[in-house]
Every structure is written in structure tokens, then in C-alpha cells.
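A.B. asks: I would like to see how this sequence folds:
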Amino acid sequence: MSGQRQVHLIITGRVQGVWYRGWTVKTASALGLQGWVRNRRDGTVEAMFSGPTAAVEEMIQACRKGPPAARVDEIDVSPSVDVLAQSGFRQVETH
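C.D. replies: Numbers count the residues shown, from 1 in each chain. Down below sits the predicted model:
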């Protein structure tokens with residue numbers, strides 16, 4: 001796999017209150033990805049990842065497990081064409 005990829009994820013399960021967002025920032029930053037992560041009011045976590053295809057794929061696989069206290073039931077992955085307005089990876093406000 002080569003090139004760039006940008007995806008939008010909705011992560012369902014026990015993913016709030018278990019350091020999922022902090023873990024996502026740390027993991028995505030280590031992979032050199034750009035984007036953001038946030039809690040959603042419905043109890044899910046939402047994320048946008050952008051970067052080299054291999055790194056994005058690695059991040060998606062990592063999200064299927066998450067941090068030790070998390071329990072991921074499902075991940076909805078869809079392509080994204082939204083323009084990222086920042087560089088780096090960060091946590092944003094709940095939506």
C-alpha cells in the first residue's frame with residue numbers, strides 16, 4: 001500500500017472514561033498521523049485519521065483493541081474528504 005489515506009471512524013463499546021482519547025492521541029502521533037479524536041454524546045468515540053496509507057491502516061487495527069480498559073464492540077470506517085485545518089493529531093471537544 002502506498003499513497004495517502006483519510007478516514008473517519010465511529011468507535012462503539014466501552015470507549016469513554018477509559019483513556020481512549022488520550023491513547024488515540026499518543027498512538028496516532030507516534031504513527032505520524034494528522035487528525036483529531038473526540039467523545040460523542042451518544043457514548044461513542046469519533047476520530048479522523050489522515051496520513052500514509054500503511055500508518056492509517058495500522059491505526060485502524062490498533063483502534064479495534066484500544067487501551068487496556070476499553071472494550072471495542074464495533075468500528076465504522078468510512079472514507080473522508082473533509083479538509084483538516086491543522087497539522088498534528090489532537091483531542092477536540094465533545095460533539
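
A.B. asks: which intervals of this protein have sub-threshold pLDDT?
C.D. replies: 1-2 (pLDDT under 70).

A.B. asks: and for the lengthiest strand in the chain, what's in contact with it?
C.D. replies: The single longest strand within the chain, with elements called by DSSP state E, is strand 4-14. Residues outside strand 4-14 that contact it (C-beta atoms under 8 Å, 6 or more residues apart in numbering): 20, 35, 40, 43-53, 56-57, 60, 63, 66, 69-82, 84. Yep, even glycine has a C-beta here, placed from its N, CA and C like the rest.

A.B. asks: listing partners with orientation, what would you give for that strand?
C.D. replies: strand 45-52 (antiparallel), strand 71-79 (antiparallel) (DSSP bridges).

A.B. asks: still on that earlier bit, out of the contacts of strand 4-14, which end up buried?
C.D. replies: By the neighbour-count criterion of 16 or more other C-beta atoms under 10 Å, the contacts of strand 4-14 include these buried positions: 20, 35, 44-52, 56, 60, 63, 66, 70, 72, 75, 80.

A.B. asks: residue contacts, the nearest residue to E93 once chain neighbours are set aside?
C.D. replies: Nearest non-adjacent residue to E93, counting by C-beta to C-beta, 6 or more residues apart in numbering: R38, 6.3 Å away. By C-beta under 8 Å, 6+ apart, R38 lies in contact with 21, 45-47, 91-95.
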